[in-house]
Structures are given as structure tokens and as C-alpha cells.
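Q: sequence first, predicted coordinates after that:
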Amino acid sequence: MVRAWYFDNDEEGNKKLPHMTDPPQFVDLEGLKKIGVLYWKVDVDGDDMEEGGLVPKLKEERGYKHGDSIAISRELMPDYVDVSKMLYTEHLHPDEEIRLAVDGVAYFDVRDLEDKWIRIEISKGDLIILPAGLYHRFTVEQEKRFVKLERFFTEITRWTPYNRPADDHPARVAYLKSMEKPKEEEKKFSWCNFL
Ligand SMILES: CSCCC(=O)C(=O)O
Ligand SMILES: [Fe+2]
């Protein structure tokens, strides 16, 4: 099951360790939703993957026409060191990032609205969607040092990372704007209550 917590900001330590604060500050699915991160639990060995199941339905709803499967580990990748450095470099994408873990364990770090890192641990059956324009980075976890992921894309040719700073990227601007709306709604609501 997915877990998420605030990263302890120790950027010098081993990135593959959990980096929880003491005491840990966990973030629930609602907290992730507030920054646009969506989550589904998937039975990867069962009906969820079959025609009419959760994953094919999600693909259709969100227009994912392409997909592939990648395994990340030192043993399986000749260019592991470069790839893992690249994936742990803070970046964003013009499209949402969809990943379904089918084996192993990995961490996605995502920025909250105050620019603090939230670490999301994914393992078998965790499907997450990061919105376009959200700064994030990724690493495998220390113990297994291995993860296998299904990736889905709307257009495979458009899959590009833009490293931070990319604050003027239209996807970043649109993301921040989409995060403003709930705040405005909240304001309107409290004003109505006041009247
Ligand atoms: C290897 S999947 C997760 C890493 C990532 O953020 C990406 O591929 O853009
Ligand atoms: Fe990414």
C-alpha cells in the first residue's frame, strides 16, 4: 500500500533510504490530491488489468494510447548510474506522468505547494498519476534496489523531462493556476458563511 511522508531535507545522505523526519509526518491520499497527485490501488494479478477492468478503463478515460514496461536496477541496466542520476534530478513534464508498480519498491518525491518535498513510496499494485507541471524526482529504494513499472502515455513522442528551473514552462504556469482555484473557492465559501 502506498505511503507518503515529508522528506527530512537531508540531501547529502543516501537518497534510497526513507528520509522520514523524527517523528514522521505522514501525508494521506487527500493531502496528495490537494497537490494534484492521484492514486489507485490495482490488483495487478487479477481483474483490474483485464478488459473492462480498472486499468483499461482508466487508460480509455484519460486517453493513454501507448504504454511500456521498464525495470530499473543496477543489474538490468548498463547505464544505471546515469539513468538514476537523471531520474533523481528535479524535473517536470508537459504531460501527466502515470506509473503502475508491478514489482519492487521506489520513491517519488513531489513538491507540495510550499515547495517542500513529500516522499511517496510505491510498490506492487500502486498506480499514481503526477499532474503535468509538478516538480518531482525518483529513485529505487535501498533494500531491493529494483522496481518494475508500467508506464502509460498519451503520445510517446511527447515524453520529455524539463529540469528545474522550468517556472516559465506553460505546464508549470497552468499547474500553479489550477492549484489557485480551490483557494479562491474556499475564500468565497467563508465569505458566504460570514454573511
Ligand atoms: C522511471 S519512471 C519515474 C521517473 C520519472 O519521473 C520519469 O520517468 O519522468
Ligand atoms: Fe518524471
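A: Thanks, I have it. Residues are numbered from 1 along each chain as shown. Ligands and ions are numbered 1, 2, ... in the order given.
Q: in this protein, which residue sits nearest ligand 1?
A: Phe138 (3.6 Å; Cβ to the nearest ligand atom). Where C-beta positions appear, they are placed from N, C-alpha and C, glycine not excepted.
Q: in the sheet, who's paired with that residue?
A: Phe108 (DSSP bridges).
Q: and Glu121, what does it touch?
A: Applying Cβ atoms under 8 Å, 6 or more residues apart in numbering to Glu121 gives the contacts 2-4, 18, 105-107, 141.
Q: roughly how far does the residue of the chain closest to ligand 1 sit from Asp22?
A: 24 Å (Cβ to Cβ, to the nearest Å).
Q: count the neighbours of the closest residue in space to Gly67 that isn't next to it in sequence for me.
A: Using Cβ to Cβ, 6 or more residues apart in numbering and skipping the chain neighbours, the partner closest in space to Gly67 is Phe152 (4.6 Å). Using other Cβ atoms under 10 Å, Phe152 has 22 neighbouring residues.
Q: who does the one helix or strand Phe152 maps to touch, helix- and strand-wise?
A: Taking DSSP states H and E as the definition, Phe152 sits inside strand 146-153. Counting contacts by 3 or more Cβ pairs under 8 Å, 6 or more residues apart in numbering; DSSP states H and E, strand 146-153 is packed against strand 66-73, strand 97-111.
Q: most neighbours per residue, which of those?
A: strand 97-111 (a mean of 21; mean count of other Cβ atoms under 10 Å).
Q: right, is that one up against ligand 1?
A: Yes: using Cβ under 6 Å from any ligand atom, we find that strand 97-111 touches ligand 1 at 97, 99.
Q: just want the angle from that strand to strand 146-153.
A: Strand 97-111 runs at 110 degrees relative to strand 146-153, counting by axes from the mean of the first three to the mean of the last three Cα atoms, to 10 degrees.
Q: ligand 1 contacts on this protein?
A: So the chain meets ligand 1 at 70, 87, 97, 99, 136, 138, 149, 161 (Cβ under 6 Å from any ligand atom).
Q: out of those residues, who's nearest Asp112?
A: Set against Asp112, the nearest of the residues of the chain next to ligand 1 by Cβ to Cβ is His136 (11.2 Å).
Q: residues contacting the nearest residue to that closest one once chain neighbours are set aside?
A: Leaving aside its sequence neighbours, His136 sits nearest to Val110 (Cβ to Cβ, 6+ apart; 4.6 Å). Taking Cβ under 8 Å, 6+ apart, we find Val110 in contact with 32, 35, 37, 117-118, 120, 130, 134-136.
Q: try Leu149
A: 69-72, 99-102, 106.
Q: so what pairs up with it in the strands?
A: Here Leu149, judged by DSSP bridges, has bridge partners Ile70, Ala101.
Q: re the thing from before, check contacts around the residue nearest to Gly67.
A: 59, 62, 64, 66-67, 98, 100.
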